[in-house]
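Participant: Need the 3D shape of this:
(chains A and B)
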There are 2 protein chains.
Amino acid sequence: MNRKRIVIVGLGLIGGSLAIQLNEKGLASRITGVDANPDHANKALELGLVDEILPLEQAIKQSDVVILAIPVDNLVKILPLVLDQVEQQIVIDLGSTKSLLLHSVDNHPKRGRYVASHPMWGTEHSGPAAAVRGAFENKAVIICNAEGSDEDAVAWTKGMFDKIGMHLLEMDAVAHDLHAAYVSHISHITSFALANTVLEKEKEDDAIFELASAGFESTVRLAKSNPSMWVPIFMQNKENILDVLNEHIAQLRKFKSCLEKENWEYLTELIEGANKIRRILK
Amino acid sequence: MNRKRIVIVGLGLIGGSLAIQLNEKGLASRITGVDANPDHANKALELGLVDEILPLEQAIKQSDVVILAIPVDNLVKILPLVLDQVEQQIVIDLGSTKSLLLHSVDNHPKRGRYVASHPMWGTEHSGPAAAVRGAFENKAVIICNAEGSDEDAVAWTKGMFDKIGMHLLEMDAVAHDLHAAYVSHISHITSFALANTVLEKEKEDDAIFELASAGFESTVRLAKSNPSMWVPIFMQNKENILDVLNEHIAQLRKFKSCLEKENWEYLTELIEGANKIRRILK
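Facilitator: Numbers count the residues shown, from 1 in each chain, chains lettered A, B, ... in the order given. This is a model prediction of the structure:
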């Protein structure tokens, strides 16, 4: 693949980690950073994630590819404005929800230049200093509604994700948002709620925190995630997340009922059922 | 510390991992394994975790220290029988619940030889083949009701846990079981329930499993845990776990209510509250 002049809008965990990969895999001839937060912009420059910082409009003009790595509420506002300024550039977003975003550019004359994508990678940290080497590798990336994108734009986008080690899936935005609720969004809600459960208790007794086990850490790690990223995801994917959350509360009630009724046989069955997750998680 | 002749009863993940550490830290002159499951016994011998396999009674006679690494339902049955056979040996258990177990030997004439402990380490895997090098290091271990144990027994037990890199805490069994419900047992219930939530959905559509993200994996990892270990823990710690589970369901309902009412301000507050878990988890 020829090296491209790439703009990354949003120099946080995702944008910063992608910048490292684009550099390491030889995909960029130059990376221009855009960030509304001057501290993030300066930090990204200082860390060598990007070669220069420019205002959005100027950055787009001098680019071949524009990658949007910002929270999904800002995406919905900025994507149409970016497409307004595009000639032949490819525009790619990396957001965690897709239906509303694709709807916002359905009838845009430059819709073809846009490729909707969701790389299934992240950590609970945020900001350019959280960027990590080797991110995205061996994870899935979903490209949504590719039939609305120009062939050359989809081809380059797929090539880029392939080069950084991701495996490609395609689906429509509605299916994406449903599945993302199950394999990502609900995990964040359970972690946030578990953290609050324990922090509520901690008011009474500090000792429990000396005891935090690796298992606890694993289930509650995502509770460190940033509300400015996650509240917009929950807003946009409200209906799917409510469906999953209702199902999850119903599943928890089964455990509760087993304990209350001392139904150890059914409790064993519930756990054996849960063990089938081994089929999916190695 | 002088090397001791150590018996490990139960050659699974915990017993096997402890055997590796006892060998590596030079704490044992000989490790004798005892396991009701001949496959586990043979595997432990084959892996070099133990030097020999003997029946329980014979193993106790030839030992200085007996360590019980078996599920908590068996612990309650076997601990009094082991103490019946003990002269000056030290007996240590590694179980995840403590109140019922300590109650079972309250009036035992050899109660002083017994030290109740709970090392806060484990993985979702089980059996001797799951034993890992470096286990327990930098984790907490709780010693309960040490005032009922002989001084020499407590001193050696503390020395052993210190040598394998654990930091020591002491508390009474009632406090232990409450705290363990919050920092360990509830995490397993939420993971089991989350696995069942997603597996329930998967009946309808297989695609979601190609998407499982690192975040999902983190929150659902514990769902692979063995029911023969966990059902007895849930039985013995039922009241505490029900308290935590009720609180957790109440916390999840707050998230549900925010979504239903589109109360994004309160949702942001809930997440900011959860972020305070950073204080505990680095």
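
Participant: the strands in the stretch 101-250 of chain A, which residues?
Facilitator: For the stretch 101-250 of chain A, applying DSSP state E, counting those that start in this stretch gives strands covering A:114-119, A:140-144, A:167-171.

Participant: Out of those, which is the most enclosed?
Facilitator: strand A:114-119 (a mean of 26; mean count of other Cβ atoms under 10 Å in any protein chain shown). C-beta here means a position set from N, CA and C on the backbone, and glycine is covered the same way.

Participant: export that strand as CSV, just CAs?
Facilitator: Taking C-alpha atoms only, strand A:114-119 is exported to CSV below (Å, rounded to 0.1, in the frame of the first residue of the first chain):
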residue,chain,number,x,y,z
TYR,A,114,-17.0,7.5,4.2
VAL,A,115,-16.3,4.1,5.7
ALA,A,116,-18.0,3.3,9.1
SER,A,117,-15.8,1.1,11.2
HIS,A,118,-15.5,-0.1,14.8
PRO,A,119,-12.3,-1.7,15.9
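
Participant: Can you tell me what sits against that strand?
Facilitator: Here strand A:114-119 makes contact (Cβ atoms under 8 Å, 6 or more residues apart in numbering or on different chains) with A:14, A:79, A:83, A:90-96, A:98, A:101-102, A:105, A:108, A:136, A:139-146, A:148-149, A:153-154, A:157, A:161, A:166, A:173, A:176, A:180.

Participant: how near is A:E46 to A:G134?
Facilitator: 21 Å (Cβ to Cβ, to the nearest Å).

Participant: and if you look at A:R111?
Facilitator: A:R111 is 33 Å from A:G134, by Cβ to Cβ.

Participant: quick one: which of these two has more around it?
Facilitator: A:R111 (17 against 12; other Cβ atoms under 10 Å in any protein chain shown).

Participant: Next, name the residue at the spatial heart of chain A.
Facilitator: In chain A, the centroid-proximal residue (Cα atoms, centre = their mean) is A:S96; its distance is 4.5 Å.

Participant: show me the residues around that one that make contact.
Facilitator: Counted by Cβ under 8 Å, 6+ apart, A:S96 has contacts A:72, A:118, A:180, A:184-185, A:233, A:237.

Participant: mind running it again at 7 Å?
Facilitator: Residues counted as contacts of A:S96 (Cβ atoms under 7 Å, 6 or more residues apart in numbering or on different chains) are A:72, A:118, A:180, A:184, A:233.

Participant: Equivalent analysis for A:P71, please.
Facilitator: Residues near A:P71 by Cβ under 7 Å, 6+ apart: A:228-229, A:232.

Participant: got the residues of the stretch 51-200 of chain A near chain B?
Facilitator: For the stretch 51-200 of chain A, the contact set with chain B under Cβ under 7 Å from any Cβ of the partner chain comprises A:120-122, A:140, A:142, A:169, A:171, A:179, A:182-184, A:186-200.

Participant: Out of those, which sit inside helices?
Facilitator: A:179, A:186-200 (DSSP state H).

Participant: my guess is A:T268 meets B:P227, correct?
Facilitator: Yes: between A:T268 and B:P227 a contact is recorded at 4.8 Å, counting by Cβ atoms under 7 Å.

Participant: Please report how far A:K98 lies from chain B.
Facilitator: 13 Å (Cβ to the nearest Cβ, to the nearest Å).

Participant: buried stuff in stretch A:32-42?
Facilitator: By 16 or more other Cβ atoms under 10 Å in any protein chain shown, the buried positions in stretch A:32-42 come out as A:32-35, A:40-41.

Participant: same for chain B: which of the residues you listed are within range?
Facilitator: Counting by Cβ under 7 Å from any Cβ, no member of the buried residues of stretch A:32-42 is near chain B.

Participant: Closest one of those to A:P128?
Facilitator: If you rank these by distance to A:P128 using Cβ to Cβ, A:H40 comes first, at 5.4 Å.

Participant: The closest one: what's it in contact with?
Facilitator: By Cβ under 7 Å, 6+ apart, the contact set of A:H40 is A:11-12, A:127-128.

Participant: re the thing from before, among the contacts of A:P71, which are in helices?
Facilitator: Short answer: the contacts of A:P71 in helices (DSSP H) are A:228-229, A:232.

Participant: okay if I get those as CSV plus neighbour count?
Facilitator: Shown next, in CSV, are these (neighbours: other Cβ atoms under 10 Å in any protein chain shown):
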residue, neighbour count
A:S228, 14
A:M229, 21
A:P232, 22
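
Participant: Could you tell me the angle between the host helix or strand of A:L259 and helix B:238-261?
Facilitator: Element membership for A:L259, per DSSP states H and E: helix A:238-261. Here helix A:238-261 points in a direction 160 degrees away from that of helix B:238-261 (axes from the mean of the first three to the mean of the last three Cα atoms, to 10 degrees).

Participant: Could you check how far helix A:238-261 is from the centre of its chain?
Facilitator: 25 Å (Cα atoms, centre = their mean, to the nearest Å).

Participant: Next, see if that helix gets close to chain B.
Facilitator: Yes: applying Cβ under 7 Å from any Cβ, one finds helix A:238-261 in contact with chain B at A:238, A:241-242, A:244-245, A:247-249, A:251-252, A:255-256, A:259-260.

Participant: just checking, what packs against whatever helix or strand comes next after that helix?
Facilitator: Scanning forward in sequence from helix A:238-261 by DSSP H and E, the next helix or strand is helix A:264-275. The contact analysis (3 or more Cβ pairs under 7 Å, 6 or more residues apart in numbering or on different chains; DSSP states H and E) places helix A:264-275 against helix A:238-261, helix B:186-202, helix B:227-236.

Participant: what ranges of the stretch 101-250 of chain A fall below the confidence cut-off?
Facilitator: Counting by pLDDT under 70, the stretch 101-250 of chain A contains low-confidence ranges at A:203-209.

Participant: I'd like to know how many residues surround the nearest residue to A:H188 once chain neighbours are set aside.
Facilitator: Leaving aside its chain neighbours, A:H188 sits nearest to A:L222 (5.1 Å; criterion: Cβ to Cβ, 6 or more residues apart in numbering or on different chains). Burial of A:L222 is recorded as 27 neighbouring residues (other Cβ under 10 Å).

Participant: List the contacts of A:L222.
Facilitator: By Cβ under 7 Å, 6+ apart, the contact set of A:L222 is A:124, A:187-188, A:191, B:215, B:218-219.

Participant: By neighbours, which of the contacts of A:H40 wins?
Facilitator: The residue in those with the most neighbours, by other Cβ under 10 Å, is A:L11 (32 neighbours).

Participant: Give me the phi and psi for that one.
Facilitator: Phi and psi for A:L11, reported as degrees, to the nearest 10, are phi -100, psi 50.

Participant: didn't it look like it was pressed against A:A36?
Facilitator: No: using Cβ under 7 Å, A:L11 is not in contact with A:A36, being 9.9 Å away.

Participant: And the helices in the stretch 1-150 of chain A?
Facilitator: Remark: helices assigned in the stretch 1-150 of chain A by DSSP state H, counting those that start in this stretch are A:13-24, A:38-46, A:56-61, A:72-84, A:99-104.

Participant: now what about stretch A:170-183, what contacts it?
Facilitator: A:96-99, A:102, A:116, A:118, A:142-146, A:237, A:240-241, A:244, B:198, B:201, B:207-208, B:211-213, B:216.

Participant: on that earlier part again, could you export the ones in helices among the contacts of A:P71 as JSON lines, including distance to chain B?
Facilitator: JSON lines is the format used below for the ones in helices among the contacts of A:P71 (distance: Cβ to the nearest Cβ, whole Å):
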{"residue": "A:S228", "distance to chain B": "8"}
{"residue": "A:M229", "distance to chain B": "10"}
{"residue": "A:P232", "distance to chain B": "9"}
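
Participant: Check the separation of the first and last residues in stretch A:161-168.
Facilitator: End-to-end distance for stretch A:161-168, by Cα to Cα, to the nearest Å: 8 Å.
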